[in-house]
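>>> test case, fold it:
(2 chains)
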Amino acid sequence: MVGDDLLNAKKVTVSFLINGEWQTGIYDVDLDIAHGEVLALVGESGSGKSTFATSVIGLHNKKQTHVTGSITLDGQELIDLPDAEENRVRGEKIGMIFQDPLAALNPLMKIGQQIQETLDIHDVYQKDQYHARVIELLDEVGIVNPERTAKQYPHELSGGMRQRVMIALAIANDPDLIIADEPTTALDTTIQAQILDVLLEIRDRKETGILLITHDLGVVAEVADSVAVMYAGQIVEKASVQELFEHPLHPYTRSLLRSNPEVDREDDELYVIPGTVPALSEMDHHKDLFLQRVPWMQDEADVDIPDELVEARPNHFVRGTAWRTFEFPDQKG
Amino acid sequence: MWKVIIRRILIMIPQLFILSLLVFLLAKMMPGDPFSGLIGPNTDPKQIAALREAAGLNDPWWQQYIHWISNAAHGDLGMSYTMKQPVSTLIGSRMVNTFWLSLLAMILTYALAIPMAISAARHEGSLWDRILLIYNSVTFGIPAYVVYLLFIFIFGFTLGLFPTGGTVDPNVSGFFPTLINKIYHMILPAITMALLGTTAIFTYLRSGILDEQTQDYVKTARAKGVSEDHVFTRHILRNALLPIAANFGFVITGLLGGAIFAETIFGYPGLGKLFITAITGRDYSVITALILLNGFLALLGALLSDIIMAIVDPRIRIE
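Just a heads-up that it's a prediction; the model follows:
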């Protein structure tokens, strides 16, 4: 049912084996997605959003990656699933959409074959229904001539059509959760809107939960129900979309929103967050890592803060204490 | 596609013309001629001069070329000066030998190189991978004739497991005994050639697999729930085999070219051995015919490779 819990991630920590040392990429992430909810996970490159998505579906390199904590989907623990069970979950319970649909489709297989492969692995549909199901799926994602497209190769399609095909692939077995990793980044603006519409339509019809990974705040405002902001492998702020856009609290969220270009704003210059996300080896997850990049708050950058987020406003969670005092220099009294 | 193929074949005509001209001139520029070796203390120089005149060797080069190329166009490649046989007959009989030996060597090469590449790539960075990499660098770098001689010495001479030359023993008769005896003669050279010939296929396929397995579509396949084994065979391997398939056009036409070192050292009467014999005997008509044949095969191989590529890779359409 809509609103019931679908995905529960508790204290998810991911470390990578780099040059013989285990380094923490994401630390203590708690996230919940309900049936029919679109949760946007935002943050700049290197913040760990894709790493989180990869651990949910188990696509990380298991020899060099270590995931602890708990990720449950409808009550089923996903971390350290046996291979066979994991393959069943992938494509049947969770569908995934990638950023670049041309690279994400096998160049040597016809569209129909690629969709059929996922039908074939999972026994959700009978063999004699495969063809009809392929056509139905392509139709559902808004492909005008599904019979023809099924017989084409990826390179024969436009970028927008390829991403529609990717969505068709992801939803082939009616999964409960769709992970969309930057699904519109490689597309131009008009196509972006169409692709997002397709995703929302599927959500509305099938009550699918969607984990939307993006750095595009415009996309978030348009489609998400709730937002989690990630920085240096940690969630720094979580709230509903409206709440977050109206009352951003954490310095990072506020900087992100301020550096987002808007047509009707009359700033002379776009705000730029100085510096970059620190390297994994330099992340001390007991501090508010973003403050390293705020020149006027260096005193607070060294203070240890609790792991837990605080509920600053109703259903609005934020990390650390810096949000209480943070102000942009040009806006100070 | 047919139009393209026909056009490509037509383009081969001027290419062959330039090739034939080059081959002819280079052969002419070699010092000496078929009669040089005949001059002994008792030979009358006038007699040699008369022979040269009769063979047309004193005509201007372009006359000799026109004469040669118009005959070649009719399938008459001239007479071998030293072997006193029509060149086409010589080449014809050797080509059959060469074809079977090269075919066996080719099959063995693929049978060795493909599993080597797969196992190396699947265990990238392991000891086994490194052993195979070293093996393939060594066999690529080592002069082939050293290994051929060593193998003849060990397996042919010392252990007596295989014959050391020829295509068939003189006392064998009957269809099947002859066939088996012929294969028996081919095994040692073919195995040796295969052992030394894996590098190109191995390197292409190994790096192809390593390349393909990092591609996004492999992630998609895993995200669909495809098992690791099928991800490898249906997605990674199939896509990594493309360059191998394309290269096959060259390989299959190369079967008729002859293996110069292997045939010469194993005393196997194929085109490669004929080529060396012709060069040492300054047998122009044979040399030019063989180089022309190899040039033609290379052009044909390129065309064949393009056609194969267009068939196996849907992204490539020759138009």
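
>>> residues of chain B that sit close to chain A?
By CB under 8 Å from any CB of the partner chain, the part of chain B that sits against chain A consists of B:215-217, B:219-228, B:234-235, B:238-239, B:242, B:313-315. From N, CA and C alone the C-beta is placed, and that goes for glycine too.

>>> narrow those to just the buried residues.
B:215-217, B:219-227, B:234-235, B:239, B:242, B:313-314 (16 or more other CB atoms under 10 Å in any protein chain shown).

>>> sort out for me which of these are in helices.
Using DSSP state H, the members of these that fall in helices are B:216, B:217, B:219, B:220, B:221, B:222, B:223, B:224, B:239, B:242.

>>> where does the last one land on pLDDT?
What the model reports for residue B:242 is a pLDDT of 91.

>>> which non-adjacent residue is nearest it?
residue B:313 (5.7 Å; CB to CB, 6 or more residues apart in numbering or on different chains).

>>> now do the one you found, the pLDDT please.
87.

>>> cool, residue A:191 as well?
Reported pLDDT for residue A:191: 87.

>>> dump the residue contacts of it.
Counting by CB atoms under 8 Å, 6 or more residues apart in numbering or on different chains, residue A:191 touches A:159, A:160, A:163, A:184.

>>> rerun that using 7 Å as the cut-off
Residue A:191 is in contact with A:159, A:160, counting by CB atoms under 7 Å, 6 or more residues apart in numbering or on different chains.

>>> do the same with the one 4 residues further on
Residue A:195 sits next to A:160, A:163, A:183, A:184, A:187 when contact means CB under 7 Å, 6+ apart.

>>> ok now whichever strand or helix holds the second one, how far from the chain's centre?
Think residue A:163. According to DSSP states H and E, residue A:163 maps onto helix A:159-170. Chain-centre distance of helix A:159-170: 17 Å, with CA atoms, centre = their mean, to the nearest Å.

>>> just to revisit the earlier point, tell me which two in the ones in helices among the buried ones among the residues of chain B next to chain A are the farthest apart.
Farthest apart among these by CB to CB are B:223 and B:242. That separation is 23.3 Å.

>>> and the next helix or strand past the helix or strand bottoming out on mean pLDDT in chain A?
Least confident helix or strand of chain A, by mean pLDDT, DSSP states H and E, is helix A:298-301 with a mean of 82. With elements assigned by DSSP H and E, the helix or strand that comes after helix A:298-301 is strand A:310-313.

>>> what comes up buried for that next one?
Going by 16+ other CB under 10 Å, strand A:310-313 has these buried residues: residue A:312.

>>> just stretch A:235-248 next, same as before
Within stretch A:235-248, the residues that qualify as buried are A:235, A:236, A:237, A:238, A:239, A:241, A:243, A:244, A:248, counting by 16+ other CB under 10 Å.

>>> so which of the residues you listed belong to helices?
A:241, A:243, A:244.

>>> which one of these is nearest to residue B:204?
Distance to residue B:204, by CB to CB, is smallest for residue A:241 among those, at 50.9 Å.

>>> go ahead and confirm that closest one touches residue A:223.
No - Residue A:241 lies out of contact with residue A:223 (CB atoms under 7 Å); the separation is 8.8 Å.

>>> burial count for residue B:233?
For residue B:233, the neighbour count with other CB atoms under 10 Å in any protein chain shown is 12.

>>> repeat that for the one 4 residues further on.
Here the count is done by other CB under 10 Å, and residue B:237 has 20 residues near it.

>>> how much space between it and residue B:306?
23 Å (CB to CB, to the nearest Å).

>>> show me what the helix or strand following the helix holding residue A:163 is packed up against.
Counting by DSSP H and E, the next helix or strand C-terminal to helix A:159-170 is strand A:177-181. When contacts are defined as 3 or more CB pairs under 7 Å, 6 or more residues apart in numbering or on different chains; DSSP states H and E, strand A:177-181 sits against helix A:49-57, strand A:94-97, strand A:209-214.

>>> for chain B, find the nearest of these.
strand A:94-97 (4.0 Å; CB to the nearest CB).

>>> put the alpha carbons of the closest one into CSV.
C-alpha atoms of strand A:94-97 as CSV (Å, rounded to 0.1, in the frame of the first residue of the first chain):
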residue,chain,number,x,y,z
ILE,A,94,14.4,-3.9,-7.9
GLY,A,95,14.8,-2.4,-11.3
MET,A,96,17.7,-0.1,-12.2
ILE,A,97,18.1,2.7,-14.7
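
>>> residues contacting whichever helix or strand comes after that strand, please?
Downstream of strand A:94-97, the first helix or strand assigned by DSSP H and E is helix A:101-104. For helix A:101-104, contacts defined as CB under 7 Å, 6+ apart pick out A:98, A:154, A:159, A:162, A:163, A:165, A:166, B:215, B:216, B:217, B:220.

>>> repeat that with 10 Å
Residues from elsewhere that reach helix A:101-104, judged by CB atoms under 10 Å, 6 or more residues apart in numbering or on different chains: A:96-98, A:154-155, A:157-167, A:169, A:181, A:183, A:186-187, A:195, B:215-221, B:223.

>>> starting at the chain centroid, how far to that helix?
Chain-centre distance of helix A:101-104: 18 Å, with CA atoms, centre = their mean.

>>> point out where chain A drops to low pLDDT.
A:1-2, A:263-268, A:332-333 (pLDDT under 70).

>>> could you find the closest non-adjacent residue to the residue of it found nearest chain B?
Using CB to the nearest CB, the single residue of chain A nearest to chain B is residue A:91, 3.4 Å away. Spatial nearest neighbour of residue A:91, excluding adjacent residues (CB to CB, 6+ apart): residue B:225 at 3.4 Å.

>>> ok, residue B:182 next?
Of all residues not flanking residue B:182 in the chain, residue B:168 sits nearest, at 5.1 Å (CB to CB, 6+ apart).

>>> could you do residue B:266 as well?
Per CB to CB, 6+ apart, closest to residue B:266 is residue B:189, 4.2 Å.

>>> where in chain B is pLDDT low?
B:32-41, B:318-319.

>>> most residues in a single helix of it, which one?
Using DSSP H to define each element, chain B has its longest helix at helix B:87-122.

>>> after that helix comes which helix or strand?
With DSSP H and E, the next secondary element past helix B:87-122 is helix B:127-141.

>>> what's the angle from that next one to helix B:87-122?
160 degrees (axes from the mean of the first three to the mean of the last three CA atoms, to 10 degrees).

>>> contacting residues around helix B:127-141?
For helix B:127-141, contacts defined as CB under 10 Å, 6+ apart pick out B:113, B:116-117, B:119-124, B:126, B:147, B:195-203, B:206.

>>> do stretch B:51-68 as well
Contacts of stretch B:51-68 (CB under 10 Å, 6+ apart): B:20-21, B:23-25, B:27-29, B:33-35, B:38, B:49, B:76-79, B:81, B:284-285, B:288-289, B:292.

>>> quick one: buried ones out of the residues you listed?
When the contacts of stretch B:51-68 are checked for burial by 16+ other CB under 10 Å, the buried set is B:20, B:23-24, B:27, B:33-35, B:77-79, B:81, B:284-285, B:288-289, B:292.

>>> spell out the secondary structure type for the residue nearest to residue A:276 when sequence neighbours are not counted.
Leaving aside its chain neighbours, residue A:276 sits nearest to residue A:46 (7.3 Å; criterion: CB to CB, 6+ apart). Secondary structure, DSSP: H, G, I helix; E, B strand; the rest coil: residue A:46 is coil.

>>> OK, contacts around residue A:46?
A:25, A:231, A:232, A:233, A:276, A:277, A:278, A:279, A:280.

>>> sounds good, over and out.
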